[in-house]
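Enquirer: With the input below, show me the fold.
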Amino acid sequence: MKLIFSSVIALLIVSDLAAQPHLEKIWETDSVTLKGPESVLFDASSQSLYVSSMGSGSVVRYGTDGKLIQKDWVTGLISNKGSALYHGLFYTAETASVAVIDVKTATVIKHIQVNGAQMLNDLAIDDKGIIYVSDTRAGKVYRIEGDKPELYLENLPGANGLLTVKNDLYVVTAASFQKVDANKNITLIADGFVSGLDGIVMLSKNEFILSNYQGILYYVRKDGSKEILLDSRSSHIMSNDISYDRKTKTLYAPAYSTNRIIAYQVK
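Expert: Purely as a prediction, here's the structure:
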């Protein structure tokens, strides 16, 4: 009986380990084209990447193979960070506004000012076109509908990465991961992270990858369990606002400090 029980426990452990993903590096860009890449956004329709080159106030486009498409797709932005696409428009968070760009013409058509914002950071758009943008320094999240911003959430220290899934909004603060429903009820998914959480991607309805700008990538389950997939702090390679292609299971991570985008296969 003891032998059978031990065998079952061992099998469960092996099965659990087999279910845990790991990362394999596919490619990385050069360190010359980008200046402080803070965010990368995968676009399935064009099979390309939009990179917020924050240090140069521009958006750079790459192919999913890491080859440069256009260095100065859009220029003249102010500290541009998190981005999202919706109905032919590209939205990106500047310091105190959201820049709206026409994708076909690659021109800025307007700036949605967020009065009182200290440092807008990540940005997400739901199925109805409602924009959510975090203000990291103020610990707030704003909601923008019809170009009219309103304070949506506050008292979220280091509020950063955002992800919309149907009626839910996922938020990372400096060291926690939370889900907010349509009635603004907050559920803590996990906490106790090294301070510096940045981006969120969803692998499936029950699993996520979170990035930490210090150089950590976490695998997190919806039950709150978590583990480190990658820790590049000793190499000073940061992991900022990530993006994910579910079809090819490719994770794209900006490395702000080394001016590169790194692509990983999620195995």
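
Enquirer: Next up, the contacts around residue 228.
Expert: Listed by CB atoms under 8 Å, 6 or more residues apart in numbering, the contact set of residue 228 reads 216, 217, 218, 219. For glycine as for every other residue, the C-beta is placed from the backbone atoms N, C-alpha and C.

Enquirer: who does the second one bridge with?
Expert: On DSSP bridges, the residues paired with residue 217 through beta bridges are residue 211, residue 230.

Enquirer: which intervals of the stretch 1-150 of the chain have sub-threshold pLDDT?
Expert: Counting by pLDDT under 70, the stretch 1-150 of the chain shows low-confidence ranges at 1-19.

Enquirer: so where do the helices sit in it?
Expert: 2-19 (DSSP state H, counting those that start in this stretch).

Enquirer: Please, where are all the strands along the stretch 151-267 of the chain?
Expert: Assigned by DSSP state E, counting those that start in this stretch, the stretch 151-267 of the chain shows strands spanning 162-165, 168-172, 176-180, 186-191, 197-204, 207-212, 216-221, 226-231, 243-245, 250-255, 260-266.

Enquirer: Buried ones in stretch 118-125, by neighbour count?
Expert: 120, 121, 122, 123, 124, 125 (16 or more other CB atoms under 10 Å).

Enquirer: Report the beta-bridge partners for the closest residue to residue 101 other than its chain neighbours.
Expert: Leaving aside its sequence neighbours, residue 101 sits nearest to residue 90 (CB to CB, 6 or more residues apart in numbering; 4.2 Å). Residue 90 has the following beta-bridge partners by DSSP bridges: residue 85, residue 101.

Enquirer: before we move on, what about residue 180?
Expert: Residue 180 has these beta-bridge partners by DSSP bridges: residue 169, residue 186.

Enquirer: could you list every residue that touches it?
Expert: Here residue 180 is in contact with 153, 168, 169, 170, 171, 186, 187 (CB under 8 Å, 6+ apart).

Enquirer: 7 Å - rerun?
Expert: 153, 168, 169, 171, 186 (CB atoms under 7 Å, 6 or more residues apart in numbering).

Enquirer: circling back: show me the one of the strands of the stretch 151-267 of the chain that comes nearest residue 63.
Expert: strand 260-266 (10.7 Å; CB to CB).

Enquirer: contact partners of the closest one?
Expert: Contacts for strand 260-266 (CB under 7 Å, 6+ apart): 21, 23-29, 31, 34, 37, 40, 49, 51, 62, 66, 203, 249-255.

Enquirer: Tell me the buried residues in it?
Expert: Neighbour count says strand 260-266 has 260, 261, 262, 263, 264, 266 buried, by 16+ other CB under 10 Å.

Enquirer: Over to stretch 248-259?
Expert: By 16+ other CB under 10 Å, the buried positions in stretch 248-259 come out as 250, 251, 252, 253, 254, 255, 256, 257, 258, 259.

Enquirer: Who is residue 42 paired with across the strands?
Expert: Taking DSSP bridges, one obtains residue 49 as the residues bridged to residue 42.

Enquirer: My guess is it contacts residue 49. True?
Expert: Yes: taking contacts as CB atoms under 7 Å, residue 42 lies within contact range of residue 49: 5.8 Å.

Enquirer: Many thanks, I have nothing further to ask.
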